[in-house]
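*Asks:* quick one, structure for this:
(one chain, ligands or ions: 1)
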Amino acid sequence: MNPEITPAAATPFSTPWGVFDLTRFPEDPRERLRAWDAADEYLLRHLAGEAGGADGATDLAGRRIVVLGDRWGALTTALAAHEPVQIADSHLGRRATLANLARAGATSDPARLLTTRDTPPERIDVLLVRVPKSLALLEDQLHRLAPAVHPGTVVIGTGMVTEIHTSTLQLFERILGPTRTSLAARKARLIFCTPDPALDPGPSPWPHRYALPPDVGPVSGRTVVNHAGTFCAERLDIGTRFFLGHLPTPAPGARVVDLGCGNGVVGTAAALAGPGAELVFVDESHQAVASAEETFRTNLGPDARAEFLTADALAAEVIAPGSVDLVLNNPPFHSHQATTDATAWRMFTGSRRALKPGGELWVVGNRHLGYHVKLRRLFGNCQLVAGNPKFVVLRAVKR
Ligand SMILES: C[S@@+](CC[C@H](N)C(=O)[O-])C[C@H]1O[C@@H](n2cnc3c(N)ncnc32)[C@H](O)[C@@H]1O
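*Replies:* All right, here's what the predicted structure looks like:
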């Protein structure tokens, strides 16, 4: 069983720094997934010298602590008294951290909640790394943080056993210094790394650029830019490819949203097909939004105008209701280990709210996901635009 799944999502997070009632974002009373796991617990017990073994407590007093990749803010919240700096890619994770700090009665100085695109602190004394799902993101972020790490920096990673591979340890070794792991405890493991000032890992190899194939409509042969961790950063996704072959041409002046934009290839195709359209790129990943902006500017010119928003689905606070003509959407199938249905449903309901009467939502998805049922329920209509054995492109109109 997935150790993160428990029928009692409300189980409090018990740590040496106190007991915390944590939430994911958006908060959902039916949510069965906890906002913390055994990897978070193990790291905190280790820091307090309560994890067994020879190591005593880690001295945190007065030291600049950086928490990289904290999923829902469990580590940042537990260590709030030490004023850690959090560095994370996910907008949802940041919103959860803010909510969890507030629940814990802690202050949440926005200067301490950095994104993976922000300039990192100049000096790091304690670096705590919640190993991300994406090895590329870990590689990129370790490269960015390496100049701030000094020989006295305590570097500790944590993750579930299934998330820590030889390649993960090799990254720490290659970028920061000699690395070893702890014994496993409740299927979690710690990573201990001793910074080696003689190492010169060089700059991050990210972002990655690749040329699109010659048969994908307006973006044929064009270049896409991918910051580390972005969806399909190495090659075009086959669902996206199918979508590109069936996109509508936006009318001049139409406001078009590329929802869950990833590297921005879909919105860029729409902008090339309909040069008068106003494009809005939305993703919950800061890495994705930065990629979309670079893909768009690479193909439309450095001065081309569009909006680039980091947000959850089409939240009303970022896109005014009734202001959009067309939404293009390839929903995620996995989002933070949560059921995709929930994210797709939020994207569809947000799209309906954002669309003008007569506006359209175009969705590509795996045939077996049955998005047409949801769209019909929400919009009262849903038309099959194109299909192959694996994917469908669907269109729903706001009446
Ligand atoms: C299947 S990918 C599609 C990416 C791109 N449109 C393409 O077709 O290559 C889904 C995207 O949705 C984003 N996403 C996941 N949850 C989201 C949310 N709640 N709000 C906005 N974007 C989200 C992911 O970061 C990812 O970039």
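*Asks:* and for Ala251, the neighbour number?
*Replies:* 12 (other C-beta atoms under 10 Å). The way it works is simple: take the backbone N, C-alpha and C, and place the C-beta from them, glycine included.
*Asks:* repeat that for Ala102.
*Replies:* 12.
*Asks:* could you point out which residue ranges in the stretch 201-350 of the chain have low pLDDT?
*Replies:* 334-340 (pLDDT under 70).
*Asks:* swap in 90 and give it another go.
*Replies:* 315-317, 333-342 (pLDDT under 90).
*Asks:* which bits of it sit near the ligand?
*Replies:* By C-beta under 6 Å from any ligand atom, the residues of the stretch 201-350 of the chain that approach the ligand are 231-232, 237, 240, 260-262, 265-266, 282-285, 288, 312-313, 330, 332, 335, 343.
*Asks:* okay, and which of the residues you listed map to strands?
*Replies:* Judged by DSSP state E, the subset of these located in strands is Val282, Asp283.
*Asks:* buried subset of the residues of the stretch 201-350 of the chain next to the ligand as a PyMOL selection?
*Replies:* To isolate in PyMOL the members of these that are buried, counting by 16 or more other C-beta atoms under 10 Å, one can use:
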select buried, resi 231+232+240+260+261+262+265+266+282+283+284+285+288+312+313+330+332+335+343
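*Asks:* tell me where the stretch 51-200 of the chain has strands.
*Replies:* 65-68, 85-88, 113-115, 124-130, 149-160, 179-181, 188-193 (DSSP state E, counting those that start in this stretch).
*Asks:* CSV please, covering the ones you listed and showing mean pLDDT and distance to the ligand.
*Replies:* Conversion of these to CSV gives the following (pLDDT from 0 to 100; distance: least, C-beta to the nearest ligand atom, whole Å):
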stretch, mean pLDDT, distance to the ligand
strand 65-68, 98, 18
strand 85-88, 98, 13
strand 113-115, 97, 13
strand 124-130, 98, 18
strand 149-160, 98, 20
strand 179-181, 97, 29
strand 188-193, 98, 25
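*Asks:* got these as a markdown table, with distance to Leu369 and mean neighbour count columns?
*Replies:* Shown next, in a markdown table, are the strands of the stretch 51-200 of the chain (distance: least, C-beta to C-beta, whole Å; neighbours: other C-beta atoms under 10 Å):
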| stretch | distance to Leu369 | mean neighbour count |
| --- | --- | --- |
| strand 65-68 | 33 | 24 |
| strand 85-88 | 28 | 24 |
| strand 113-115 | 30 | 19 |
| strand 124-130 | 29 | 23 |
| strand 149-160 | 27 | 20 |
| strand 179-181 | 38 | 16 |
| strand 188-193 | 32 | 22 |
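*Asks:* farthest residue from the center of the chain?
*Replies:* Ala54 (36.2 Å; C-alpha atoms, centre = their mean).
*Asks:* next one: that residue from Ala38, what distance?
*Replies:* 21 Å (C-beta to C-beta, to the nearest Å).
*Asks:* number of residues surrounding Lys133?
*Replies:* There are 14 residues near Lys133, going by other C-beta under 10 Å.
*Asks:* can you name the residues that contact the nearest residue to it once chain neighbours are set aside?
*Replies:* Residue nearest to Lys133 in three dimensions, not counting chain neighbours: Glu163, with 7.1 Å by C-beta to C-beta, 6 or more residues apart in numbering. Residues in contact with Glu163, defined by C-beta atoms under 8 Å, 6 or more residues apart in numbering, are Ala39, Val131, Lys133.
*Asks:* tell me which element Trp36 falls in.
*Replies:* Remark: Trp36 resides in no helix or strand, with elements defined by DSSP states H and E.
*Asks:* doesn't Phe13 make contact with it?
*Replies:* Yes - counting by C-beta atoms under 8 Å, Trp36 touches Phe13, with 4.7 Å between them.
*Asks:* spatially nearest residue to Ala81, not counting backbone neighbours?
*Replies:* Trp17 (6.9 Å).
*Asks:* check what pLDDT that neighbour gets.
*Replies:* pLDDT, Trp17: 96.
*Asks:* for Glu27, same thing?
*Replies:* 88.
*Asks:* check the burial of it by counting its neighbours.
*Replies:* There are 11 residues near Glu27, going by other C-beta under 10 Å.
*Asks:* mind checking the SS state of it?
*Replies:* Assigned with DSSP: H, G, I helix; E, B strand; the rest coil, Glu27 falls in the coil class.
*Asks:* which residues sit in contact with it?
*Replies:* Ala99.
*Asks:* again with Leu247
*Replies:* Contacts of Leu247 (C-beta under 8 Å, 6+ apart): Gly217, Pro218, Val266, Ala269, Ala270, Ala273, Leu328, Trp362.
*Asks:* what strand or helix carries the residue nearest to the second one when sequence neighbours are not counted?
*Replies:* What that stands for is Pro218. Among residues not flanking Pro218 along the chain, Leu272 sits closest, at 3.9 Å (C-beta to C-beta, 6+ apart). Element membership for Leu272, per DSSP H and E: helix 265-273.
*Asks:* helices or strands up against that helix?
*Replies:* When contacts are defined as 3 or more C-beta pairs under 8 Å, 6 or more residues apart in numbering; DSSP states H and E, helix 265-273 packs onto helix 238-244, strand 255-259, strand 278-283, helix 286-300, strand 324-329.
*Asks:* let's see 6 Å
*Replies:* Applying 3 or more C-beta pairs under 6 Å, 6 or more residues apart in numbering; DSSP states H and E, we find helix 265-273 packed against strand 255-259, strand 278-283, helix 286-300.
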